[in-house]
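> coords please:
(one chain, ligands or ions: 1)
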Amino acid sequence: MKNLSITTASKNYSVLVGNDLFSTKNFQEFNGKEILLVVDSNIGESARKLISQLLNDLSTKFIEIQIEANEKNKSNHSLGQIHDELISHNFSRDCILFALGGGIVCDLTGFAAATYQRGVEFVLLPSTLLSQVDASVGGKTAINHPKGKNMIGAFHQPSKVLSDTSLLKSLNERQVREGLAEIVKHSLIIDEGFFDWLSENIDQLIATNEEKLLEAVAKSIEVKAKIVEKDETEQGIRKWLNLGHTFGHAIELYGEYLDYSHGESVALGMIMATNLSISILNLDEEQGKKIKTLISLILTEEMLKTEFDGEKLFQLMSSDKKREGDKLNFILLNEIGEPKIVSGLEKADILKAIKIS
Ligand code: GLY
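Sure thing, here's the model as predicted:
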C-alpha cells in the first residue's frame, strides 16, 4: 500500500493506493460523522455492501443513494437529488459525502459537497482506472450543462482518497485502455523514466496485472500531484494536463460521444499532438516514434485505421474553442517530459498533424 500526501494551496490530504483498503482502520477518522454515500450503479454488489456496512457502523446518520452513471446524469437533476437527501435528513455542515464510483460520480459528489451549505467535506473511492489517476486528485468537481460538459463546477479538494486497485479487476478492456491513456499522458508531461517503464510493462498493464497497475496508479498520481500542488486552479502548468485534449475533445464530438471514449479520444489526440510537436517544435523523430508506438498499443487496430476528415475535425476544434472565446491552444512536447503551451498556429500545420501514424 502507498500513502501519498497531497498539499495544495487550499488543503492537505492523503491518497492511499493499494489492493485491500476497505477496512475499518482506513475509515476510523470518520467515526461519529453524518455520512451520505453516493454509489455508481456500475459498482459490484459485494464492494457496495462492504463500504456501506463500514460507513454505516461508523456514522451517527447514514444515507446511501445510487446514481446511474452516464454523462446525462452528471446533471443539475442528480445534484438536486443529493442536496434533497442532505436537506430532508437534516445533515449539518459537519457531514461528509463519500463517492464510490467512476469519474462521473466522483465529480458530481465533489460538486454536491462544494455547494452544500457553502462547502462540506468529501471522500473519494474511485473505482475505474481513469478516475483513480485523474478525478481522484486535484479537486476539479463539476456537473454538465445541456450546452457543454463540466460547465458548472468548482475547485474543491477531497479530504481523503482511497484508490483500491482490487476494484479494477471488474473493468472491461475498453475501460482499462482509457485509464492507460491518461497514465501515458502523465508520463509524457514530466517523467521520461516513467514513460520508459510504461513502455516496458504495457502488456502486463493491459492484462491488468495487479502489482503493475498499483505501481502505475501510484506513480501517475504522484505526477498529477506535482502539477496541482503548484497550480491548483489551472492558471499555468495545470494546462499541461490537457495534452492531447484540443484534438481529443473534437474527436469525442466527431464520434458523437459513442465511437470514441474520452480516453481513446485523448490517446488519438496525443498522437496528433506528437505529429504537430515534430513539425512545429523540436521533438525528435525517434522520440515521436516511441510515443506513437506506446499509444498505439493501448488503442484497438480498428481505431488505428481511422482516417479523420481533417477539415471536419478542425471545424469541431474551432467551435469547441469559440465557446471559450479563445484561440486554439495546444499542449505540445519539446521532448518527453518537456511540454509547451502553443497557440496561433497555421491551419495547414494543424491539418497535417491529423493522421494516426
Ligand atoms: N483532468 C485534468 C485536471 O485535473 O486538471
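> C-alpha from now on. contacts and neighbour counts both.
Will do.
> how near is L345 to the ligand?
L345 is 23 Å from the ligand, where distance means C-alpha to the nearest ligand atom, to the nearest Å.
> name the residues of the chain found near the ligand, please.
Proximity of the chain to the ligand, by C-alpha under 6 Å from any ligand atom, involves residues 134, 138, 140, 238, 241.
> and these, which are buried?
Among the residues of the chain next to the ligand, the ones that count as buried by 16 or more other C-alpha atoms under 10 Å are 134, 138, 140, 238, 241.
> my guess is the fourth one meets E229, correct?
When you say that, I think you mean R238. No - the criterion here is C-alpha atoms under 8 Å, and R238 misses it with E229 at 9.3 Å.
> in three-state terms, label F62 for me.
Here F62 is strand, with the state taken from DSSP: H, G, I helix; E, B strand; the rest coil.
> so which residues of the stretch 151-300 of the chain form strands?
Ranges of strands within the stretch 151-300 of the chain are 160-164, based on DSSP state E, counting those that start in this stretch.
> how about TSV for the buried ones among the residues of the chain next to the ligand, with distance to I183 and pLDDT added?
Below are those laid out as TSV (distance: C-alpha to C-alpha, whole Å; pLDDT from 0 to 100):
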residue	distance to I183	pLDDT
D134	9	95
G138	15	97
K140	18	97
R238	15	97
L241	11	97
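> between those residues, which is closest to S170?
The shortest approach to S170 among those belongs to D134, at 18.8 Å (C-alpha to C-alpha).
> for that closest one, grab phi and psi.
phi -120, psi -70 (degrees, to the nearest 10).
> show the contacting residues for it.
Applying C-alpha atoms under 8 Å, 6 or more residues apart in numbering, we find D134 in contact with 103, 182, 221, 224.
> surely N42 is in a strand?
No - if the criterion is three-state DSSP, then N42 is coil and not within a strand.
> surely it and G101 touch.
Yes - counting by C-alpha under 8 Å, N42 does reach G101; the two are 7.5 Å apart.
> what about the two, which has more around it?
Taking neighbours as other C-alpha atoms under 10 Å, N42 and G101 compare with G101 leading, 27 against 17.
> ok, the spatially closest residue to I190 that is not a sequence neighbour - contacts?
Excluding its sequence neighbours, the residue lying closest to I190 (C-alpha to C-alpha, 6 or more residues apart in numbering) is G337, at 3.8 Å. Shown in contact with G337 (C-alpha under 8 Å, 6+ apart): 187-192.
> let's have those in TSV, adding neighbour count and pLDDT.
Below are these laid out as TSV (neighbours: other C-alpha atoms under 10 Å; pLDDT from 0 to 100):
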residue	neighbour count	pLDDT
S187	23	97
L188	25	98
I189	25	96
I190	20	92
D191	18	91
E192	15	93
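> what's the farthest-apart pair in those?
The distance between the two most remote of the contacts of G337 (C-alpha to C-alpha) is 8.4 Å, for I189 and E192.
> mind listing the shared neighbours of these two?
By C-alpha under 8 Å, 6+ apart, the residues touching both I189 and E192 are 336-337.
> next one: stretch 140-158 to chain centre, how far?
Here the centre of stretch 140-158 is set off from its chain's centre by 13 Å, with C-alpha atoms, centre = their mean, to the nearest Å.
> contacts for it, please.
10-11, 13, 71-72, 74-76, 79, 106-111, 114, 121-124, 137-139, 233.
> write the PyMOL selection for whichever of these are buried.
Remark: buried members of those, expressed as a PyMOL selection using 16+ other C-alpha under 10 Å:
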select buried, resi 13+72+74+75+76+79+106+107+108+109+110+111+114+121+122+123+124+137+138+139+233
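> could you double-check that P339 lies in contact with L332?
Yes - counting by C-alpha under 8 Å, L332 is a contact partner of P339 at 5.6 Å.
> tell me which element V15 is part of?
strand 12-18 (DSSP states H and E).
> could I get that strand in PDB with only the CA atoms?
The C-alpha trace of strand 12-18 is given here as PDB (Å, rounded to 0.1, in the frame of the first residue of the first chain):
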ATOM      1  CA  ASN A  12      -3.600  18.700   2.600                       C
ATOM      2  CA  TYR A  13      -4.900  15.200   2.100                       C
ATOM      3  CA  SER A  14      -3.800  11.600   1.700                       C
ATOM      4  CA  VAL A  15      -4.300   9.300  -1.300                       C
ATOM      5  CA  LEU A  16      -4.000   5.700  -0.400                       C
ATOM      6  CA  VAL A  17      -3.300   3.300  -3.200                       C
ATOM      7  CA  GLY A  18      -3.500  -0.400  -2.500                       C
END
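> what sits up against it?
Contacts to strand 12-18, defined as C-alpha under 8 Å, 6+ apart, come from residues 1-7, 158-166, 214, 217-218.
> if we go to 10 Å?
Strand 12-18 is contacted from outside by 1-7, 26, 124-125, 132, 136-137, 157-166, 210-211, 213-215, 217-218, 221-222, 229, using C-alpha atoms under 10 Å, 6 or more residues apart in numbering.
> what does stretch 292-307 give?
By C-alpha under 10 Å, 6+ apart, the list of residues contacting stretch 292-307 from outside reads 173-174, 176-181, 184-185, 195-196, 198-200, 202-203, 205-206, 259-260, 263-265, 267-268, 270-272, 274-275, 286-287, 289-290, 354-357.
> now, the residues you listed that are in helices?
Per DSSP state H, helices hold the following members of the contacts of stretch 292-307: 173-174, 176-181, 184-185, 195-196, 198-200, 202-203, 205-206, 263-265, 267-268, 270-272, 274-275, 286-287, 289-290.
> give me the buried entries from these.
For these, buried by 16+ other C-alpha under 10 Å: 174, 176-181, 184-185, 195-196, 198-199, 202, 205-206, 263-265, 267-268, 270-272, 274-275, 289.
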